[in-house]
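[1] Sequence first, then the predicted structure:
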Amino acid sequence: MNSEILRLIPGYLSRAACEEILASVREFQQSHALPLIHREVAGRSLRYYVIDGDVVHDSFPSLVDIYRDVEQIVKGNFGPRLAPLRNRAASVNVNVTPPGGEYRWHYDRNAVTAILYLNTVSGGETEMYPGYRIHLGRWKDTRLQRWLDSLLQWPPLLRISRKRALVTPAQGLLLLMRGDRCLHSVCPVQGVEDRINLVMTFDLPQARFATEQNLDPYLYSKKPAPSFDPNYRQ
């Protein structure tokens, strides 16, 4: 896997293609009650609706096609061994963040994450610190990793960091990042329109995640979830 951390591809998807996807998502919302994920966290909480990967694969074949196309871009930028996440529920999601909604600070379980912004909204920026994490490799699921992550998220340290980047939602923009190396979150959405984006995840084919059993219900609410973020407590 190469060392690239972050790449932006403006206009990856045309306005017409984005609008077609948005129409299908909104039509789906009219006949399906999307789970509202609301987890209170100090500083910035989780508050968004989600269509998880199981539903995407069953009901949105065009989004699965986009996922496969983006896979080739990810391979070209981050390494040819990368593949879609084996966990179908977490592999590709549609996130619908309503006005006032936001997404807590975190690192991803997987190596590379791609975010395709389907509409332009006020607020809802992806705030990030690329390459910020001290990643412990095979020891990434240890207490030491969680302690380092917590220490580096101390607000005074974030304020003096020169790594901060802000990505404004723009229709058709594709963001590629090393999600397990970039500390990132979503700022509160402003205005009256939902922020709708497609999230696609990639890792090595043999990747396994110790947090998976608790993290999926925490993020997708398919069954009773733990009250804590499994990324930071096990």
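    Great, that's in hand. Numbers count the residues shown, from 1 in each chain.
[2] Now do the lengthiest strand in the chain: which elements does it pack against?
    Identified as the longest strand of the chain according to DSSP state E is strand 195-203. Contact analysis of strand 195-203 by 3 or more C-beta pairs under 8 Å, 6 or more residues apart in numbering; DSSP states H and E lists helix 15-31, helix 61-78, strand 83-84, helix 88-91, strand 92-97, strand 112-117 as its packing neighbours. For glycine as for every other residue, the C-beta is placed from the backbone atoms N, C-alpha and C.
[3] what about those, which gets the closest to Asp216?
    helix 88-91 (5.7 Å; C-beta to C-beta).
[4] Quick one: mean pLDDT over that closest one.
    For helix 88-91, the mean pLDDT works out to 94.
[5] Quick one: neighbours of the residue lying closest to Glu20 once chain neighbours are set aside, just the number.
    Leaving out its chain neighbours, the residue that sits closest to Glu20 by C-beta to C-beta, 6 or more residues apart in numbering is Ser62, at 7.9 Å. The burial count assigned to Ser62 is 12, neighbours taken as other C-beta atoms under 10 Å.
[6] Over to the one 4 residues further on?
    If you count neighbours by other C-beta under 10 Å, Ile66 ends up with 21.
[7] returning to that earlier point: the longest strand of the chain pairs with which strands, and in what direction?
    Strand 195-203 pairs in its sheet with strand 83-84 (antiparallel), strand 92-97 (antiparallel), strand 112-117 (antiparallel), by DSSP bridges.
[8] Give me the distance between it and the centre of its chain.
    5 Å (C-alpha atoms, centre = their mean, to the nearest Å).
[9] Could I get the buried residue list for the following helix or strand past that strand?
    Where DSSP states H and E defines the elements, the next helix or strand beyond strand 195-203 is helix 212-220. If you call a residue buried by 16 or more other C-beta atoms under 10 Å, then helix 212-220 has these buried ones: Asn214, Leu215, Asp216, Tyr218, Leu219, Tyr220.
[10] So for the residue nearest the centre of the chain, what's the nearest residue that isn't a sequence neighbour?
    By C-alpha atoms, centre = their mean, the chain has its centre lying nearest to Val199, at 5.4 Å. Nearest residue to Val199 in three dimensions, chain neighbours excluded: Asn93, at 4.7 Å (C-beta to C-beta, 6+ apart).
[11] For Asn95, see how far away Ala165 is.
    Using C-beta to C-beta, to the nearest Å, one gets 19 Å for the distance from Ala165 to Asn95.
[12] more neighbours, these two?
    In this view Ala165 and Asn95 are compared by other C-beta under 10 Å, and Asn95 has more residues nearby, 21 against 15.
[13] related to what we said a few turns ago, can I get the helices and strands packed on strand 195-203 in JSON lines including distance to Glu125?
    Below are the helices and strands packed on strand 195-203 laid out as JSON lines (distance: least, C-beta to C-beta, whole Å):
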{"stretch": "helix 15-31", "distance to Glu125": "18"}
{"stretch": "helix 61-78", "distance to Glu125": "21"}
{"stretch": "strand 83-84", "distance to Glu125": "27"}
{"stretch": "helix 88-91", "distance to Glu125": "23"}
{"stretch": "strand 92-97", "distance to Glu125": "11"}
{"stretch": "strand 112-117", "distance to Glu125": "10"}
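[14] out of those, nearest to Ile9?
    helix 61-78 (7.5 Å).
[15] would you put the C-alpha positions of the closest one in CSV?
    Extracted C-alpha coordinates of helix 61-78, given in CSV (Å, rounded to 0.1, in the frame of the first residue of the first chain):
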residue,chain,number,x,y,z
PRO,A,61,-27.6,-1.7,-8.2
SER,A,62,-26.4,1.6,-9.7
LEU,A,63,-24.6,2.5,-6.5
VAL,A,64,-22.9,-0.9,-6.4
ASP,A,65,-21.6,-0.2,-10.0
ILE,A,66,-20.2,3.1,-8.7
TYR,A,67,-18.5,1.2,-5.9
ARG,A,68,-16.8,-1.1,-8.3
ASP,A,69,-15.7,1.8,-10.5
VAL,A,70,-14.2,3.6,-7.5
GLU,A,71,-12.4,0.4,-6.5
GLN,A,72,-10.2,0.8,-9.5
ILE,A,73,-9.4,4.4,-8.6
VAL,A,74,-8.6,3.3,-5.1
LYS,A,75,-6.3,0.5,-6.3
GLY,A,76,-4.5,3.0,-8.6
ASN,A,77,-3.9,5.5,-5.8
PHE,A,78,-3.5,3.4,-2.7
